[in-house]
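K.L.:
I would like the atomic coordinates for the input below:
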Amino acid sequence: QRNKKREKILRVGRVHYSFPPPPKGFDIPAEVELMICNDKFYSVPRVQQLKFKQNGTFEECTVSELASCKSIQMRFVENADVTKMKEQTELIFKSCKNLQELHWHEAKFIPDIIGKDCGPSARKRMKNLKVLSMPYTYPFTHEDLAQVRDSCTSLDRLELRGSYYVQQDFTIVDFGCHGDDASDDE
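P.N.:
Here you go, the predicted model:
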């Protein structure tokens, strides 16, 4: 069963993140995987992001490394400051002139980063984005979904695996695996 899923993912040939991550799951990583801190962003493989510490283990990613990048995966550090994250992501979006896929794990501050309150570079990139994946984002509000709809007008695929929001009647809605036909939900 697992080998069939891997074969299918490889045949499709697109960026794919499994939950749980390797070694149990199977990933085809984005061109650049970023851990975004309040003052810098680092190139950190996804499997090491949850254990990330700003201690010199990982190299700072430069904007020149992002220039031709079509796909990025990013995650914010714990206790991230919204103003600092907006500055860092604006710099990233300004640098990624060819961005087509954004894999934003555990997304936070959606209106400020890619929605109505985002910077000019983010606004421009979101209009041309083809894939937006925001797994394990919670709570994901109605306003967040509206922000995505209004900002990302060229999307071919929206992945919200493991994300949920609370409706006005306090019912929790789990998005499940929408848009990911090669899902690896083990």
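
K.L.:
what about residue 74, helix or strand, and which?
P.N.:
Remark: residue 74 resides in strand 71-76, with elements defined by DSSP states H and E.

K.L.:
now the angle from the helix or strand following that strand to strand 71-76?
P.N.:
Where DSSP H and E defines the elements, the next helix or strand beyond strand 71-76 is helix 82-95. Interaxial angle of helix 82-95 relative to strand 71-76 (axes from the mean of the first three to the mean of the last three C-alpha atoms, to 10 degrees): 170 degrees.

K.L.:
whatever helix or strand comes next after helix 82-95 pairs with which strands?
P.N.:
Elements were assigned by DSSP H and E; along the chain past helix 82-95, the next helix or strand is strand 101-104. Using DSSP bridges, the neighbouring strands of strand 101-104 in the sheet come out as strand 71-76 (parallel), strand 131-133 (parallel).

K.L.:
quick one: strand 101-104 to chain centroid distance?
P.N.:
Here strand 101-104 is found 4 Å from its chain centre; the criterion is C-alpha atoms, centre = their mean, to the nearest Å.

K.L.:
next, the buried residues of it.
P.N.:
Of the residues in strand 101-104, 101, 102, 103, 104 count as buried by neighbour count, 16 or more other C-beta atoms under 10 Å. (Each C-beta comes from the backbone N, C-alpha and C, glycine too.)

K.L.:
swap in stretch 150-162?
P.N.:
Buried residues in stretch 150-162, defined by neighbour count with 16+ other C-beta under 10 Å: 151, 152, 155, 158, 159, 160, 161, 162.

K.L.:
got the confidence number for the closest residue to residue 109 other than its chain neighbours?
P.N.:
Computed as C-beta to C-beta, 6 or more residues apart in numbering, the closest residue to residue 109 that is not its neighbour in sequence is residue 82, at 4.7 Å. Model confidence at residue 82, expressed as pLDDT, equals 94.
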